[in-house]
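Colleague: I would like to see how this sequence folds:
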Amino acid sequence: GITGITGESASMADTSAWPIAPARSAASTLAELATRVEIVVLLAWNANDAARALVGEVPGIDVVIDSGLYSDALPPVLRRGSLWTFSEYQLVRAGELRLRLEGGVIRAALDRHIDLDDAVRDDPTVGAIAKEARTDIDRVQREVFGG
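Modeller: Numbers count the residues shown, from 1 in each chain. From the prediction side, this is the model:
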């Protein structure tokens, strides 16, 4: 199960039309999710303190992918039984996380950060997928935010 939280004032869009609960209030949702899935992954954008609190409060959060204003490739750490990884700001590197599971328990993990630069050749298939995704994102943003 994959879900996410954001820190206060982390959005770049006007969200005043929607009720937004504090990130720490996600504890009951995460606890319920943990009963229904094998692995729980929490994506945390600019919400490091809230993610730490949730990991301490909710058993069963297996992985935290902490996205913030990190400019360095930080190594993964274990915090209270959760594998904590970090993604870098503005996608200067792509992240790849591989998990080896045994009986629903993470037994090994590989956290790679791949530099994105012009030495990496463009792939036409990936380019077409990215173009289609950008078109879909633009459409949804127009529907939600107008314009």
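Colleague: would you map the helices across the chain?
Modeller: Per DSSP state H, the chain carries helices over the ranges 27-34, 48-57, 124-145.
Colleague: now the most centrally placed residue in the chain: closest residue in space, sequence neighbours ignored.
Modeller: Nearest residue to the geometric centre of the chain (CA atoms, centre = their mean): L43, 2.9 Å. In this structure, L43 finds its nearest non-sequential neighbour in G4, 3.5 Å apart by CB to CB, 6 or more residues apart in numbering. (Glycine included, C-beta is placed from N, CA and C.)
Colleague: how near is R100 to H113?
Modeller: From R100 across to H113, the span is 19 Å (CB to CB, to the nearest Å).
Colleague: the chain: strands as residue ranges?
Modeller: Remark: strands assigned in the chain by DSSP state E are 2-6, 41-45, 63-67, 77-79, 82-87, 93-102, 105-115.
Colleague: turn those into CSV, including distance to R52.
Modeller: Formatted as CSV, the strands of the chain follow (distance: least, CB to CB, whole Å):
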stretch, distance to R52
strand 2-6, 11
strand 41-45, 9
strand 63-67, 9
strand 77-79, 7
strand 82-87, 9
strand 93-102, 19
strand 105-115, 19
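Colleague: nearest to T29, out of the ones you listed?
Modeller: Set against T29 and scored by CB to CB, the strands of the chain come closest in strand 2-6, at 7.0 Å.
Colleague: and the contacts of that closest one?
Modeller: 23, 26, 29-30, 33, 40-47, 50-51, 54 (CB atoms under 8 Å, 6 or more residues apart in numbering).
Colleague: that older thread, neighbour-wise, which of R100 and H113 wins?
Modeller: H113 (18 against 10; other CB atoms under 10 Å).
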